[in-house]
Each structure stands twice: as structure tokens, then as C-alpha cells.
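Colleague: Fold the stuff below for me.
(2 chains)
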Amino acid sequence: MTTAANATTIAHLADAPAEDRLASAIALVARQFPDRTAIVANAGGEARRVIDYATLTAAIMKLEGELAAARPVGIVARAKRVESLVVIAAACGREHVPVAFLAEDARDLVGELRDWVPLDDSLVLPAAAAAGPRREFETVPPQVVVATSGTSGPPKLVDHSWDSLLAAARLAEQWHGRGWLLVYDATRWAGLQVWLQAMLTAGRLVVPASRDPDLVAKACVDEDVSILPATPTLLRRLIASGDRAVVSTMKLDRITLGGEATDAQLLEQAKQLFPNAKITHVYATTELGEVFRVTDSQAGFPIEWIGRPLPGGVRLSMRRDGELLVQLSRDTAEVATGDLVERRGKRFEFTGRRSDVIVVGGAKVFPKRVEEILRGVPGIADARVYGLPSAITGELVAAEIVIHEPLPAGTTPDQVRAASLAVCRERLEAHGVPRVVDVVKKLTLTAAGKIPRR
Amino acid sequence: MPPLDAIAAAIRTVLHDTGRDAKAISPEMLLAADLGLDSLDLAQTIVLLERSLGVDPFRSAPAAAPRPAIRTVSDLVSIYSSALNSPRPHTP
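Modeller: Now for the predicted structure:
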């Protein structure tokens, strides 16, 4: 932001009830800088759209009016456009109407939200909403329903308060007016966090037209993105396959990794490519919200963090088998995270999710470990390791590899593939060596930008 | 591709991928004793054959069905031949 007065006002947003903050923050910017860009949608693509703060706040006020008249029991956000999701969230919060964000793979769960009214990109309440059951105005803050990503098990709906949804948002002045890249699905927890943060702090949300690494890099440069929240998998893809000439001109000053464990190799590459970027790793789940963040650009977290309360009252502990347990506060139960950690020197590093473990003839294989070895093979840009069902051994280790382009003269993809198998044989037990290795142009990823393990 | 050719090609790939010498493969050869294939090698062979022949007779067999002994290359050939000749069960 350009004026100190504004900075103070944004910082004071934290004093407002959480459900009012989004609409208030957007209105605040719209009053002073109506033309300021709020969202650049389809960035880098043909149908690039720019939405300013005045347009956004006008749409919010219009929807607020409709919600006030119809008082639906809840709204299911069915919109595809990010700007519509922002409008729906802000208006529902302001009008104390519960709102649900269901990602594509969680649409079946809508049955659990009986009598809730769907709202699409038209932002017009269907006529049935006015005739349907009405909700009395309650003083209890409304909830926000978000579906889990389904990385481990089928998606399920999780109820949040606006307070928990916004708990991790940074309102201090250093965060104001920044360019944020949204590569996450806007309806999932991680995506919500990014656009809420951007809209609360007079930011510019840049939504690339696709996840193609060249396009993402170009969108970052053209739209002046300075903050990149991403999964390690998406960042790795950008570094490994993005046009190096463009990637190297990206002016990032912050990279926030989350959603998956990261590794020393990726952190090292990111530090070299973006020497001015502060790299943070956020540990969060849809159920727990943000648990902790690691800011020292090293993999894992310091061993001292286990067994003693962290700032904010979070307590981490570990099961005998290495699963990380989290207790958010004294009054809450300990939660098993499904994430396995292992001590390496002065750190606990993540070895993968319990459900990621591939069992080959009774022996356990950690796919992340195999991926790290593959990515270290000269000529390999990126790798994904997963389990294939087998009638003989239960599962079999399989891999996709992306070949560096261009390869040094005289080297073929087949040679790289053979070399990768030789390295794996040298460094892994027989059952851990991938038995199926496919050379691919790009890795298979989940909608959440993570690596699927099956 | 006739099953024997596909099976021989798959076994050669398995041997090559695991750093062993590929050799001439004939039907009477014993998978373990002559070719040195273990259960992991066999599992890989089956995945490769599913790709080249489009069937996995081991997965589509009902769990209760007795699994025929697989000792020789020709045992594999007969399993795949009958799988290819029977109506294709729907596999997701």
C-alpha cells in the first residue's frame, strides 16, 4: 500500500469480527483506489481478465442484498471463477450465511448440506432460494465448510469458523499490496488461504491460465508476482521444466511451500535460482489449519521442536513408528497426522505419508526416498514414484521420470533410464528398485498439485 | 504379438533392467533355475505383459480360483493364451 493511513486500517482489520474482514478489506481499498487491480485471471493466457477492487466490492454489496432478502440456510459456492468465490465468501461472511467450498472431487458430498443453495458464476440466487427454508439471523458466527483434498482417503467436509480460516493470514504492513500467485485449486484449503490473504491485504491475485511451467513463469514475470505459494511438486516442476531464461527473471521475494514434505535438494535449487527469496515451509492440514512454519530454508524441522510447546501452544510428539502427532492446544486432543518423520542429524525430516508407503512382498518402500535418488541422477529433471498393484508381490515400485532437455550430445533418454536403474540398484534394497520406469513429458499430479502415490 | 514372443521380450527387458544378460529364451526353460527370475522379476514380467498383451490373467482371476503352477516359460504361455482366448473380463 502506498499510504501509512491505509496500512494502519488494514492492520486494524484484525479487530473486526472475522466474518466481516474480507468484505471490509476489499471495500477499504475500493474506496481509496477503485481502479487498483484485485485479480488477474487467466494470466498468461488468451482470455486474460483483470478485476479491480471497485468491481469486486460492487458485486459483494449486490450479493449481500440478495442474501439479506432470501436468508438461505447456507450457500454452496459452485462458481468456477476465483473472483466469484471471493464475492461469495465476502458476502456470506458479512451476512452471516454459512458457506461451503467444494472442490471438483468433493461435489458428491453436497448431499450432506441439505437445503443449502448453490451459487454459480452468475452470482444470482436461484428463485428457489427465496421460496426455500429461511434461516433466522443468528448471533453465532457462521461456519465455512471446506472439503479435505482426499490425498489419503475419500474427501470429507470439515467445518471451520471464520476465525480459524483467517488465523494464518498476515495483516502487517510488509504484506500489503503484493502480487500473489494462485496455483492451487481456489476451492481447497491451501487455495483459500492464498486468495484470502491477498484480498485482505490490498494484494493482486494472479491466477495463471494453466499449470504449464512456461506459462506460470511468464505470468509471474508479466504480472509482477513477488510471492509464490506452491507445493514442492509444483515448484520442482517450475524449476525443472520452466523456460530457464524466463524463470531466472522472476522477481520472487517469498516462496511458501506447503501440502507435501519438501527436501533439501529442492530447497537448495530454489535458493540458487531465487537468491533473494525467503523460503518458508508451512505445515498445515485442512482439519487442523496451520500447525507450524519452518523459515530456515532447511528440510524438516529442528529436533528441539518435539516434546515442548511451540509459540502459540502447539505441541508436537512422535509415535514409536515415527508418525507425527499434533496437539494444537492444551484443551484439544492429540491428532495423528499420517505423516512419518525420521531423525537426520539435528532435524526431523518427513519421509512421507503413512498411506504413501509401498509394500512390496511385505517390505516397506518410502516413495519419496526413491524419488530423491532418481532426481539426483544426471539427465533426470523430475521423478514420481508410486505403487502398482501386483498379484505376486502385493505392490511393485513404479516411476515416471522427466528427462532434462536438452540432454548432452550423445546421451539418449534410454541411457538415462538405464543409468537411473543402476543407481537405484546400488543405493536401494532389491524391493525398492523401481520395476516400471516410464519416461514422460510431465509427471502425473493431483488436482491439489501433489504427487499421487497409486 | 504371439504370447511366446511377448513373454520372451518381457523377460529380456526384466533381465536387462536388472543389469543381467538377456539370453535366448525357449519354452522349456525353467523361470527360476534357468533364467534366474525371482518373484519381483515375475511381478515385473506380468506388468510388462499387461502393457503389451492388454491382459493380466493373475489380477482378473477370481481370488478363489486355484493358481496354476508357473515353473516354465511354457506355463506362462498357456496362461496368457487362455486369457487372450477367453472373453475379456472388464478391468477398470
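
Colleague: Please identify which helix or strand holds A:R330.
Modeller: Using DSSP states H and E, A:R330 is not contained in any helix or strand.

Colleague: Quick check: it touching A:G313?
Modeller: Yes - here A:R330 lies in contact with A:G313, judged by CB atoms under 8 Å, at a distance of 6.8 Å. In short, each C-beta sits where N, CA and C put it, glycine included.

Colleague: For the closest residue to B:M29 other than its chain neighbours, grab the count of nearby residues.
Modeller: Take B:M29 and drop its neighbours on the chain: the residue closest to it by CB to CB, 6 or more residues apart in numbering or on different chains is B:V73, 5.0 Å away. Each residue near B:V73 was counted by other CB atoms under 10 Å in any protein chain shown, and the total is 21.

Colleague: can you check A:E136 too?
Modeller: Counted with other CB under 10 Å, the neighbours of A:E136 add up to 6.

Colleague: so where's the stretch 51-200 of chain A uncertain?
Modeller: A:137-141, A:150-153 (pLDDT under 70).

Colleague: Break down it into its strands, ranges please.
Modeller: A:75-77, A:99-101, A:117-119, A:143-147, A:157-161, A:179-181 (DSSP state E, counting those that start in this stretch).

Colleague: mind listing what A:Q269 touches?
Modeller: A:R236, A:I239 (CB atoms under 8 Å, 6 or more residues apart in numbering or on different chains).

Colleague: residues contacting the residue nearest to A:L257 when sequence neighbours are not counted?
Modeller: Among residues not flanking A:L257 along the chain, A:H281 sits closest, at 4.7 Å (CB to CB, 6+ apart). By CB under 8 Å, 6+ apart, the residues touching A:H281 are A:T256, A:L257, A:G258, A:T262, A:R293, A:V294, A:T295.

Colleague: Apply 6 Å and report the result again.
Modeller: A:L257, A:T262, A:V294 (CB atoms under 6 Å, 6 or more residues apart in numbering or on different chains).

Colleague: Okay, now the sheet partners of the helix or strand where it lies, with direction.
Modeller: According to DSSP H and E, A:H281 maps onto strand A:278-285. With DSSP bridges as the test, strand A:278-285 is paired with strand A:254-257 (parallel), strand A:289-294 (antiparallel).

Colleague: Which positions in that strand come out as buried?
Modeller: By 16 or more other CB atoms under 10 Å in any protein chain shown, the buried positions in strand A:278-285 come out as A:I279, A:T280, A:H281, A:V282, A:Y283, A:A284, A:T285.

Colleague: Put the alpha carbons of that strand into PDB.
Modeller: Only the C-alpha atoms of strand A:278-285 are listed here, as PDB (Å, rounded to 0.1, in the frame of the first residue of the first chain):
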ATOM      1  CA  LYS A 278      12.800 -16.100   1.700                       C
ATOM      2  CA  ILE A 279      11.700 -19.700   1.600                       C
ATOM      3  CA  THR A 280       9.100 -20.900   4.200                       C
ATOM      4  CA  HIS A 281       7.700 -24.300   4.600                       C
ATOM      5  CA  VAL A 282       4.200 -24.400   6.100                       C
ATOM      6  CA  TYR A 283       2.900 -27.500   7.800                       C
ATOM      7  CA  ALA A 284      -0.900 -27.400   7.700                       C
ATOM      8  CA  THR A 285      -3.800 -29.700   7.100                       C
END
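
Colleague: could you give the mean pLDDT of that strand?
Modeller: Mean pLDDT, strand A:278-285: 91.

Colleague: One more: stretch A:347-362?
Modeller: For stretch A:347-362, the mean per-residue pLDDT is 92.

Colleague: circling back: please tell me how far the residue nearest to A:L257 sits from A:Q265.
Modeller: Using CB to CB, to the nearest Å, we find A:H281 at a distance of 14 Å from A:Q265.

Colleague: Return the residues in contact with A:W305.
Modeller: Shown here is A:W305, whose contacts under the criterion CB under 6 Å, 6+ apart are A:L316.

Colleague: Chain B: strands as residue ranges?
Modeller: Taking DSSP state E, chain B contains no strands at all.

Colleague: That one against chain A: which residues are in contact?
Modeller: Within chain B, the positions near chain A by CB under 6 Å from any CB of the partner chain are B:D17, B:S39, B:L42, B:A43, B:Q44, B:V47, B:F58, B:R59.

Colleague: 10 Å instead, please
Modeller: Applying CB under 10 Å from any CB of the partner chain, we find that chain B lies next to chain A at B:14, B:16-19, B:38-48, B:50-51, B:56-61, B:63, B:67, B:70.

Colleague: Drop anything exposed from those.
Modeller: B:14, B:17-18, B:40-48, B:50, B:56-58, B:60-61, B:70.

Colleague: For A:A363, what are phi and psi?
Modeller: Main-chain dihedrals, A:A363, degrees, to the nearest 10: phi -100, psi 140.

Colleague: If you count contacts, what does the helix or strand of chain B with the lowest mean pLDDT end up packed against?
Modeller: Confidence across the helices and strands of chain B bottoms out at helix B:57-60, with a mean of 78, counting by mean pLDDT, DSSP states H and E. Contact here means 3 or more CB pairs under 10 Å, 6 or more residues apart in numbering or on different chains; DSSP states H and E; on that basis helix B:57-60 packs against strand A:380-390, helix B:39-53, helix B:73-85.

Colleague: Neighbouring strands - and their directions - for the shortest one?
Modeller: Looking at strand A:380-390 with DSSP bridges, its paired strands and their directions are strand A:394-403 (antiparallel).

Colleague: Residues in contact with whatever helix or strand comes next after the partner strand: which ones?
Modeller: Downstream of strand A:394-403, the first helix or strand assigned by DSSP H and E is helix A:413-427. Residues outside helix A:413-427 that contact it (CB atoms under 10 Å, 6 or more residues apart in numbering or on different chains) are A:369-370, A:372-381, A:383, A:385, A:397, A:399, A:401, A:403-405, A:407, A:411-412, A:430, A:432-435, A:437-439, B:16-19.
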